[in-house]
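>>> Sequence first, predicted coordinates after that:
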Amino acid sequence: MYDIAVVGDRDSIGGFAALGMHVHPAESADEVRAALQSLTQGSFAVIYITEAAAAFAEDIIAKYRDEPLPAIIPIPGVRGNTGEGMRAVSRSVEKAVGSDILSK
């Protein structure tokens with residue numbers, strides 16, 4: 001069975017633990033990169049990462065963009081958002097549903 005993980009600053013990802021997801025607090029570039037490298041070698045199908053954390057590991061994320069697993073999905077955090085997380089969520093929903101239902 002596959003698991004779901006979340007990487008980012010504590011304030012942004014703390015609540016995900018209540019949903020049964022594996023939370024990996026990481027704020028520096030080294031912490032983010034180490035967390036992603038570890039998670040991509042594990043049994044994780046989905047790895048959510050805050051936009052701010054994703055900026056530290058764009059090369060790692062790009063490496064898995066066309067791979068079936070794990071899906072590394074940027075999400076908005078509580079600070080430092082660029083809008084990419086919401087655009088990624090919107091693209092994923094549109095791909096799954098066939099229509100952009102989030103912007104309507």
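Noted; the coordinates are in hand.

>>> List of residues touching the helix ranked longest in the chain?
The longest helix of the chain (DSSP state H) is helix 84-97. Here helix 84-97 makes contact (CB atoms under 8 Å, 6 or more residues apart in numbering) with 50-51, 54, 73-77, 100-103. Any C-beta I mention is one placed from the backbone N, CA and C, and that applies to glycine too.

>>> Generate a PyMOL selection restricted to the buried subset of the residues you listed.
To isolate the buried members of the contacts of helix 84-97 in PyMOL, using 16 or more other CB atoms under 10 Å:
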select buried, resi 50+51+54+73+74+75+76+77
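
>>> Among the contacts of helix 84-97, which are located in helices?
Counting by DSSP H, those place 51, 54 in helices.

>>> List just the nearest of the contacts of helix 84-97 to residue 16.
Residue 16 has its nearest neighbour among the contacts of helix 84-97 in residue 75, at 9.5 Å by CB to CB.

>>> No further questions, thank you.
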